[in-house]
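A.B. asks: Predicted model follows, preceded by the sequence.
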Amino acid sequence: MSAQVNIIGLLYRKLVKPVVFLANPEHVHDAFTQIGSFLGKNFLNRKFTRILLHYKNEKLEQEIAGIKFLNPVGLSAGFDKDAHLQNILPEVGFGFMQVGSVTLHPYGGNTKPRLTRLKKSKGIVVNYGLKNIGVDKIIPRIKNHNNPDFPLSISIAKTNCKDTASTEEAILDYYGCIKKLEKSDVGDFYTINISCPNTFGGEPFTTAAKLEKLLAKIMTLNIEKPIFVKMPINMEWHEFKELLEIIIEHKITGVIIGNLNKDRKLDTIKDHIPKDLKGGISGTPTKELCNKLISKTYKHYGKKLIIVGVGGIFSTEDAYEKIKLGSSLVQLITGMIFQGPQLIGEINRGLVKLLEKDGFKNIHEAIGSFSEE
Ligand SMILES: Cc1cc2nc3c(=O)[nH]c(=O)nc-3n(C[C@H](O)[C@H](O)[C@H](O)COP(=O)(O)O)c2cc1C
(Lines give C-alpha, C1' and ligand atoms only; values in the text may rest on other atoms or scores of the structure.)
Protein backbone atom coordinates (compact mmCIF):
# COMPACT_ATOMS: atom_id res chain seq x y z
CA MET A 1 0.00 0.00 0.00
CA SER A 2 2.75 2.42 0.96
CA ALA A 3 4.71 1.47 -2.19
CA GLN A 4 1.61 2.06 -4.28
CA VAL A 5 1.21 5.57 -2.83
CA ASN A 6 4.89 6.28 -3.51
CA ILE A 7 4.42 5.26 -7.13
CA ILE A 8 1.33 7.47 -7.54
CA GLY A 9 3.23 10.38 -6.01
CA LEU A 10 6.17 9.82 -8.32
CA LEU A 11 3.93 9.58 -11.39
CA TYR A 12 2.14 12.76 -10.40
CA ARG A 13 5.33 14.74 -9.80
CA LYS A 14 7.33 13.42 -12.77
CA LEU A 15 4.63 12.98 -15.43
CA VAL A 16 1.35 14.72 -14.59
CA LYS A 17 2.59 17.87 -12.88
CA PRO A 18 5.15 18.95 -15.52
CA VAL A 19 2.41 18.86 -18.17
CA VAL A 20 -0.39 20.23 -16.03
CA PHE A 21 1.81 23.07 -14.73
CA LEU A 22 2.23 24.30 -18.31
CA ALA A 23 -1.51 24.89 -18.60
CA ASN A 24 -3.56 27.80 -17.28
CA PRO A 25 -4.00 27.13 -13.52
CA GLU A 26 -7.68 28.03 -13.49
CA HIS A 27 -8.40 25.65 -16.38
CA VAL A 28 -6.52 22.92 -14.53
CA HIS A 29 -8.46 23.63 -11.34
CA ASP A 30 -11.77 23.43 -13.24
CA ALA A 31 -10.72 20.21 -15.00
CA PHE A 32 -9.69 18.52 -11.73
CA THR A 33 -13.00 19.59 -10.17
CA GLN A 34 -14.90 18.04 -13.09
CA ILE A 35 -12.91 14.82 -12.88
CA GLY A 36 -13.49 14.65 -9.11
CA SER A 37 -17.19 15.32 -9.54
CA PHE A 38 -17.44 12.59 -12.20
CA LEU A 39 -15.55 10.04 -10.07
CA GLY A 40 -17.73 10.83 -7.07
CA LYS A 41 -20.96 10.04 -8.89
CA ASN A 42 -20.25 6.36 -9.53
CA PHE A 43 -19.84 3.59 -6.93
CA LEU A 44 -17.10 1.74 -8.83
CA ASN A 45 -15.07 4.90 -9.39
CA ARG A 46 -15.36 5.73 -5.72
CA LYS A 47 -14.29 2.24 -4.73
CA PHE A 48 -11.31 2.34 -7.11
CA THR A 49 -10.20 5.75 -5.81
CA ARG A 50 -10.44 4.39 -2.26
CA ILE A 51 -8.33 1.35 -3.06
CA LEU A 52 -5.66 3.58 -4.60
CA LEU A 53 -5.52 6.41 -2.10
CA HIS A 54 -7.37 5.89 1.15
CA TYR A 55 -5.73 5.24 4.51
CA LYS A 56 -7.50 4.57 7.82
CA ASN A 57 -6.16 4.09 11.34
CA GLU A 58 -8.06 4.43 14.59
CA LYS A 59 -5.16 6.37 16.19
CA LEU A 60 -6.20 9.30 13.98
CA GLU A 61 -9.85 9.31 15.06
CA GLN A 62 -11.18 12.09 17.29
CA GLU A 63 -14.41 13.64 18.44
CA ILE A 64 -14.22 17.41 18.27
CA ALA A 65 -17.09 19.72 19.21
CA GLY A 66 -19.40 16.70 19.10
CA ILE A 67 -18.34 15.74 15.57
CA LYS A 68 -16.53 12.52 14.71
CA PHE A 69 -13.43 12.90 12.51
CA LEU A 70 -11.82 9.75 11.08
CA ASN A 71 -8.58 11.65 10.48
CA PRO A 72 -7.37 15.23 11.01
CA VAL A 73 -6.66 16.23 7.37
CA GLY A 74 -9.29 18.37 5.64
CA LEU A 75 -9.65 20.16 2.33
CA SER A 76 -9.41 23.90 2.97
CA ALA A 77 -11.96 26.44 1.69
CA GLY A 78 -11.58 27.63 -1.88
CA PHE A 79 -10.78 24.45 -3.78
CA ASP A 80 -14.38 23.22 -3.94
CA LYS A 81 -16.23 26.52 -4.01
CA ASP A 82 -19.49 25.19 -5.43
CA ALA A 83 -19.77 21.75 -3.78
CA HIS A 84 -18.79 19.29 -6.51
CA LEU A 85 -16.41 17.06 -4.56
CA GLN A 86 -18.11 15.92 -1.35
CA ASN A 87 -18.60 12.37 -2.68
CA ILE A 88 -15.04 11.76 -3.83
CA LEU A 89 -12.99 13.48 -1.12
CA PRO A 90 -13.66 10.85 1.58
CA GLU A 91 -12.37 8.20 -0.85
CA VAL A 92 -9.24 10.26 -1.54
CA GLY A 93 -8.62 10.01 2.19
CA PHE A 94 -9.64 13.41 3.55
CA GLY A 95 -11.15 13.45 7.03
CA PHE A 96 -13.42 16.45 6.33
CA MET A 97 -13.90 19.34 3.92
CA GLN A 98 -14.87 22.97 3.64
CA VAL A 99 -17.24 23.95 0.87
CA GLY A 100 -17.05 27.57 -0.32
CA SER A 101 -16.51 30.26 0.60
CA VAL A 102 -20.21 30.64 -0.10
CA THR A 103 -21.94 34.01 -0.23
CA LEU A 104 -25.55 35.23 -0.11
CA HIS A 105 -25.43 36.29 -3.76
CA PRO A 106 -23.43 34.70 -6.58
CA TYR A 107 -20.24 36.34 -7.83
CA GLY A 108 -18.52 35.55 -11.13
CA GLY A 109 -15.05 36.31 -9.80
CA ASN A 110 -12.46 39.08 -10.10
CA THR A 111 -10.85 39.89 -13.44
CA LYS A 112 -8.32 37.30 -14.65
CA PRO A 113 -5.69 36.09 -13.95
CA ARG A 114 -7.18 34.69 -10.76
CA LEU A 115 -4.60 31.99 -10.14
CA THR A 116 -0.85 32.30 -10.70
CA ARG A 117 1.59 29.58 -9.67
CA LEU A 118 4.76 30.54 -7.81
CA LYS A 119 6.80 27.46 -8.61
CA LYS A 120 9.98 28.39 -6.73
CA SER A 121 8.09 29.58 -3.65
CA LYS A 122 5.65 26.64 -3.69
CA GLY A 123 2.65 28.94 -3.56
CA ILE A 124 -0.20 30.37 -5.60
CA VAL A 125 -1.34 33.98 -6.04
CA VAL A 126 -5.10 33.73 -5.58
CA ASN A 127 -7.46 36.41 -6.78
CA TYR A 128 -10.81 34.65 -7.19
CA GLY A 129 -12.41 37.27 -4.93
CA LEU A 130 -14.99 34.83 -3.55
CA LYS A 131 -16.24 33.50 -6.87
CA ASN A 132 -19.17 31.15 -6.18
CA ILE A 133 -22.66 30.33 -7.40
CA GLY A 134 -24.37 31.70 -4.29
CA VAL A 135 -26.00 30.03 -1.32
CA ASP A 136 -29.37 29.30 -3.00
CA LYS A 137 -27.73 27.07 -5.59
CA ILE A 138 -25.26 25.49 -3.20
CA ILE A 139 -27.84 24.37 -0.63
CA PRO A 140 -29.50 21.75 -2.87
CA ARG A 141 -26.07 20.35 -3.76
CA ILE A 142 -25.19 19.62 -0.15
CA LYS A 143 -28.71 18.94 1.12
CA ASN A 144 -28.33 15.21 0.64
CA HIS A 145 -24.83 15.00 2.03
CA ASN A 146 -25.30 12.55 4.83
CA ASN A 147 -21.99 10.86 5.51
CA PRO A 148 -21.39 10.54 9.26
CA ASP A 149 -17.77 9.62 8.50
CA PHE A 150 -17.07 12.80 6.59
CA PRO A 151 -17.93 16.11 8.24
CA LEU A 152 -18.69 18.95 5.84
CA SER A 153 -18.17 22.53 6.88
CA ILE A 154 -19.52 25.51 4.99
CA SER A 155 -17.31 28.53 4.75
CA ILE A 156 -19.36 31.73 4.65
CA ALA A 157 -18.18 35.12 3.41
CA LYS A 158 -19.81 38.34 2.34
CA THR A 159 -20.89 38.77 -1.25
CA ASN A 160 -18.17 40.53 -3.16
CA CYS A 161 -19.90 43.61 -4.56
CA LYS A 162 -20.13 47.35 -3.98
CA ASP A 163 -23.40 46.99 -2.06
CA THR A 164 -21.74 45.05 0.77
CA ALA A 165 -18.75 47.34 1.17
CA SER A 166 -20.26 49.09 4.23
CA THR A 167 -20.09 47.32 7.60
CA GLU A 168 -23.86 47.33 8.10
CA GLU A 169 -24.64 45.89 4.66
CA ALA A 170 -21.85 43.35 4.98
CA ILE A 171 -23.24 42.12 8.31
CA LEU A 172 -26.70 41.70 6.80
CA ASP A 173 -25.16 39.80 3.91
CA TYR A 174 -23.38 37.27 6.17
CA TYR A 175 -26.51 37.04 8.33
CA GLY A 176 -28.76 36.38 5.32
CA CYS A 177 -26.46 33.64 4.05
CA ILE A 178 -26.20 31.83 7.38
CA LYS A 179 -29.94 32.15 7.98
CA LYS A 180 -30.61 30.30 4.73
CA LEU A 181 -28.10 27.58 5.64
CA GLU A 182 -29.65 27.21 9.08
CA LYS A 183 -33.14 26.99 7.64
CA SER A 184 -32.05 24.23 5.27
CA ASP A 185 -30.03 22.50 8.00
CA VAL A 186 -27.07 21.71 5.77
CA GLY A 187 -23.47 21.12 6.80
CA ASP A 188 -21.95 19.89 10.07
CA PHE A 189 -20.29 23.13 11.09
CA TYR A 190 -19.88 26.67 9.81
CA THR A 191 -16.82 28.80 9.23
CA ILE A 192 -17.11 32.56 9.12
CA ASN A 193 -14.48 33.78 6.70
CA ILE A 194 -13.51 37.29 7.79
CA SER A 195 -10.19 37.26 6.01
CA CYS A 196 -10.60 37.09 2.23
CA PRO A 197 -8.08 39.66 1.00
CA ASN A 198 -9.46 40.28 -2.50
CA THR A 199 -12.85 41.91 -2.07
CA PHE A 200 -14.66 45.25 -2.33
CA GLY A 201 -14.16 47.10 0.92
CA GLY A 202 -11.16 44.94 1.92
CA GLU A 203 -11.47 42.89 5.10
CA PRO A 204 -13.99 44.87 7.16
CA PHE A 205 -14.17 42.46 10.09
CA THR A 206 -10.54 42.22 11.07
CA THR A 207 -10.86 44.89 13.74
CA ALA A 208 -12.24 43.96 17.15
CA ALA A 209 -15.06 46.53 17.09
CA LYS A 210 -16.42 45.40 13.72
CA LEU A 211 -15.98 41.70 14.42
CA GLU A 212 -17.94 42.23 17.63
CA LYS A 213 -20.85 43.67 15.61
CA LEU A 214 -20.77 40.82 13.11
CA LEU A 215 -20.66 38.04 15.69
CA ALA A 216 -23.33 39.70 17.85
CA LYS A 217 -25.69 39.68 14.87
CA ILE A 218 -24.87 36.10 13.88
CA MET A 219 -25.41 34.90 17.44
CA THR A 220 -29.01 36.17 17.36
CA LEU A 221 -29.67 33.13 15.14
CA ASN A 222 -29.04 30.82 18.16
CA ILE A 223 -27.04 28.42 16.04
CA GLU A 224 -26.41 25.02 17.60
CA LYS A 225 -23.80 23.79 15.13
CA PRO A 226 -20.16 24.54 15.92
CA ILE A 227 -18.90 27.80 14.42
CA PHE A 228 -15.31 28.58 13.51
CA VAL A 229 -13.76 31.86 12.37
CA LYS A 230 -11.17 31.88 9.56
CA MET A 231 -8.42 34.24 10.63
CA PRO A 232 -6.16 36.66 8.77
CA ILE A 233 -2.43 35.99 9.20
CA ASN A 234 -0.76 39.34 8.47
CA MET A 235 -1.37 40.75 11.90
CA GLU A 236 0.60 41.58 14.99
CA TRP A 237 -0.14 39.28 17.92
CA HIS A 238 -1.74 42.07 19.98
CA GLU A 239 -4.26 42.77 17.18
CA PHE A 240 -4.88 39.07 16.58
CA LYS A 241 -5.40 38.57 20.31
CA GLU A 242 -8.07 41.26 20.37
CA LEU A 243 -9.99 39.35 17.71
CA LEU A 244 -9.62 36.13 19.69
CA GLU A 245 -11.02 37.82 22.82
CA ILE A 246 -14.14 38.85 20.87
CA ILE A 247 -14.44 35.37 19.42
CA ILE A 248 -14.28 33.77 22.86
CA GLU A 249 -16.77 36.28 24.26
CA HIS A 250 -19.28 35.08 21.65
CA LYS A 251 -18.71 31.41 22.49
CA ILE A 252 -17.37 30.54 19.06
CA THR A 253 -16.06 26.95 18.92
CA GLY A 254 -12.72 27.61 17.30
CA VAL A 255 -10.48 29.38 14.82
CA ILE A 256 -8.94 28.40 11.52
CA ILE A 257 -5.42 29.81 11.25
CA GLY A 258 -5.24 30.98 8.64
CA ASN A 259 -5.99 32.56 5.32
CA LEU A 260 -3.78 33.78 2.45
CA ASN A 261 -0.63 35.84 3.00
CA LYS A 262 -0.62 39.46 1.80
CA ASP A 263 3.02 40.30 2.54
CA ARG A 264 5.05 40.06 -0.68
CA LYS A 265 8.35 40.95 0.97
CA LEU A 266 8.76 37.65 2.84
CA ASP A 267 12.02 35.69 2.31
CA THR A 268 9.95 32.64 1.41
CA ILE A 269 8.74 34.38 -1.76
CA LYS A 270 11.36 33.44 -4.33
CA ASP A 271 9.46 34.23 -7.55
CA HIS A 272 9.08 37.64 -9.11
CA ILE A 273 5.48 38.82 -8.63
CA PRO A 274 4.48 41.77 -10.84
CA LYS A 275 3.14 44.70 -8.79
CA ASP A 276 -0.09 44.81 -10.73
CA LEU A 277 -0.83 41.12 -10.13
CA LYS A 278 -3.50 41.20 -7.44
CA GLY A 279 -4.17 38.50 -4.89
CA GLY A 280 -3.17 36.78 -1.66
CA ILE A 281 -0.53 34.06 -1.57
CA SER A 282 -1.03 30.45 -0.47
CA GLY A 283 1.44 27.64 0.27
CA THR A 284 4.91 27.96 1.79
CA PRO A 285 4.75 31.77 2.17
CA THR A 286 1.92 31.30 4.69
CA LYS A 287 3.56 28.60 6.76
CA GLU A 288 5.64 30.46 9.35
CA LEU A 289 3.06 33.20 9.83
CA CYS A 290 0.38 30.57 10.53
CA ASN A 291 2.57 28.44 12.77
CA LYS A 292 3.51 31.39 14.99
CA LEU A 293 -0.13 32.37 15.41
CA ILE A 294 -1.22 28.76 16.04
CA SER A 295 1.42 28.38 18.73
CA LYS A 296 0.52 31.62 20.51
CA THR A 297 -3.21 31.00 20.24
CA TYR A 298 -2.80 27.53 21.74
CA LYS A 299 -0.61 28.82 24.53
CA HIS A 300 -3.01 31.59 25.54
CA TYR A 301 -6.42 30.21 24.54
CA GLY A 302 -5.92 26.49 23.98
CA LYS A 303 -8.51 25.61 26.60
CA LYS A 304 -11.12 27.93 25.13
CA LEU A 305 -10.73 27.52 21.38
CA ILE A 306 -10.26 24.60 19.04
CA ILE A 307 -7.58 25.38 16.49
CA VAL A 308 -7.57 24.22 12.88
CA GLY A 309 -4.12 24.73 11.37
CA VAL A 310 -3.73 25.62 7.68
CA GLY A 311 -0.96 27.01 5.50
CA GLY A 312 1.92 25.45 3.64
CA ILE A 313 1.35 21.78 4.46
CA PHE A 314 3.31 19.74 1.90
CA SER A 315 4.29 16.74 4.02
CA THR A 316 3.52 14.67 7.11
CA GLU A 317 6.11 16.67 9.03
CA ASP A 318 4.37 19.96 8.13
CA ALA A 319 1.02 18.61 9.34
CA TYR A 320 2.53 17.11 12.50
CA GLU A 321 4.24 20.40 13.34
CA LYS A 322 0.90 22.22 13.24
CA ILE A 323 -0.68 19.53 15.43
CA LYS A 324 2.12 19.66 17.99
CA LEU A 325 1.84 23.46 18.03
CA GLY A 326 -1.82 23.12 19.04
CA SER A 327 -4.00 22.33 16.01
CA SER A 328 -6.67 19.67 16.55
CA LEU A 329 -7.26 19.46 12.80
CA VAL A 330 -5.32 20.62 9.74
CA GLN A 331 -6.34 21.65 6.24
CA LEU A 332 -4.58 22.12 2.93
CA ILE A 333 -4.93 22.98 -0.75
CA THR A 334 -1.60 24.03 -2.26
CA GLY A 335 0.30 20.96 -1.02
CA MET A 336 -2.13 18.72 -2.89
CA ILE A 337 -1.73 20.77 -6.07
CA PHE A 338 2.09 20.57 -5.92
CA GLN A 339 2.46 17.01 -4.59
CA GLY A 340 -0.59 15.13 -5.89
CA PRO A 341 -3.78 13.63 -4.42
CA GLN A 342 -1.92 10.75 -2.73
CA LEU A 343 -0.52 13.35 -0.30
CA ILE A 344 -3.54 13.00 1.99
CA GLY A 345 -3.10 9.26 2.60
CA GLU A 346 0.65 9.80 2.78
CA ILE A 347 0.22 12.40 5.56
CA ASN A 348 -2.20 10.20 7.52
CA ARG A 349 0.04 7.15 7.25
CA GLY A 350 3.07 9.24 8.21
CA LEU A 351 1.24 10.76 11.19
CA VAL A 352 0.62 7.30 12.66
CA LYS A 353 4.33 6.52 12.36
CA LEU A 354 5.34 9.80 14.01
CA LEU A 355 2.81 9.31 16.82
CA GLU A 356 4.24 5.86 17.51
CA LYS A 357 7.81 7.17 17.36
CA ASP A 358 6.98 9.87 19.91
CA GLY A 359 5.15 7.44 22.18
CA PHE A 360 1.65 8.92 21.74
CA LYS A 361 -1.27 6.51 21.86
CA ASN A 362 -3.36 8.63 19.55
CA ILE A 363 -3.51 11.98 17.79
CA HIS A 364 -5.25 13.66 20.68
CA GLU A 365 -2.18 13.20 22.89
CA ALA A 366 0.04 14.99 20.38
CA ILE A 367 -2.03 18.18 20.11
CA GLY A 368 -0.10 21.08 21.63
CA SER A 369 2.74 18.83 22.81
CA PHE A 370 5.13 21.62 22.01
CA SER A 371 4.09 25.23 22.03
CA GLU A 372 6.53 28.08 21.84
CA GLU A 373 6.06 31.75 22.66
C1 LIG B 1 -7.36 28.52 -5.14
C2 LIG B 1 -7.59 28.97 -3.73
C3 LIG B 1 -8.82 29.54 -3.39
C4 LIG B 1 -9.06 29.93 -2.08
N5 LIG B 1 -10.30 30.44 -1.73
C6 LIG B 1 -10.61 30.59 -0.42
C7 LIG B 1 -11.93 30.88 -0.03
O8 LIG B 1 -12.85 31.02 -0.84
N9 LIG B 1 -12.20 31.02 1.31
C10 LIG B 1 -11.22 30.86 2.27
O11 LIG B 1 -11.51 30.97 3.46
N12 LIG B 1 -9.95 30.59 1.91
C13 LIG B 1 -9.64 30.43 0.60
N14 LIG B 1 -8.35 30.10 0.24
C15 LIG B 1 -7.32 29.97 1.30
C16 LIG B 1 -7.13 28.51 1.72
O17 LIG B 1 -8.31 27.98 2.28
C18 LIG B 1 -5.98 28.36 2.73
O19 LIG B 1 -6.31 29.07 3.89
C20 LIG B 1 -4.65 28.88 2.19
O21 LIG B 1 -4.51 28.59 0.82
C22 LIG B 1 -3.46 28.26 2.92
O23 LIG B 1 -3.45 26.86 2.77
P24 LIG B 1 -2.52 26.09 1.68
O25 LIG B 1 -1.15 26.64 1.83
O26 LIG B 1 -2.61 24.65 2.05
O27 LIG B 1 -3.11 26.36 0.34
C28 LIG B 1 -8.06 29.75 -1.08
C29 LIG B 1 -6.81 29.21 -1.45
C30 LIG B 1 -6.57 28.80 -2.75
C31 LIG B 1 -5.23 28.20 -3.09
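C.D. replies: Cool, the structure landed.

A.B. asks: Quick check: the residue of this structure nearest the ligand.
C.D. replies: residue 78 (2.0 Å; CB to the nearest ligand atom). Yep, even glycine has a C-beta here, placed from its N, CA and C like the rest.

A.B. asks: pLDDT below threshold where in the chain?
C.D. replies: Low-confidence segments of the chain, defined by pLDDT under 70, span residues 1, 197-198, 201-203, 371-373.

A.B. asks: what about the strands in it?
C.D. replies: Here the chain has its strands, by DSSP state E, at 62-64, 67-69, 73-75, 96-102, 115-118, 123-126, 152-156, 189-193, 227-231, 254-257, 280-281, 306-310, 329-332.

A.B. asks: before we move on, the earlier item: in space, what's closest to the residue of the chain closest to the ligand - neighbours in sequence excluded?
C.D. replies: Nearest residue to residue 78, sequence neighbours excluded (CB to CB, 6 or more residues apart in numbering): residue 333, at 6.2 Å.

A.B. asks: Residue 341: which of the strands of the chain is closest?
C.D. replies: Between residue 341 and the strands of the chain, the tightest spacing by CB to CB is seen for strand 73-75, at 10.6 Å.

A.B. asks: hang on, residue 243 packs against residue 209?
C.D. replies: No - contact criterion CB atoms under 8 Å: residue 243 and residue 209 do not qualify, at 10.6 Å.

A.B. asks: So those two - more neighbours on which side?
C.D. replies: Per other CB atoms under 10 Å, whichever of residue 243 and residue 209 has more neighbours is residue 243, with 23 against 10.

A.B. asks: just to revisit the earlier point, how about the residue of the chain closest to the ligand, what does it touch?
C.D. replies: 100-101, 126, 128, 155, 333 (CB atoms under 8 Å, 6 or more residues apart in numbering).

A.B. asks: Among those residues, which one lies nearest to residue 184?
C.D. replies: Distance to residue 184, by CB to CB, is smallest for residue 100 among the contacts of residue 78, at 14.4 Å.

A.B. asks: How many neighbouring residues does the closest one have?
C.D. replies: For residue 100, the tally of surrounding residues (other CB under 10 Å) stands at 25.

A.B. asks: mind listing what the residue nearest to it when sequence neighbours are not counted touches?
C.D. replies: Nearest non-adjacent residue to residue 100, counting by CB to CB, 6+ apart: residue 155, 3.7 Å away. By CB under 8 Å, 6+ apart, the contact set of residue 155 is 77-78, 98-102, 190-191, 193, 230.

A.B. asks: let's see 7 Å
C.D. replies: 77, 98-102, 191, 193, 230 (CB atoms under 7 Å, 6 or more residues apart in numbering).
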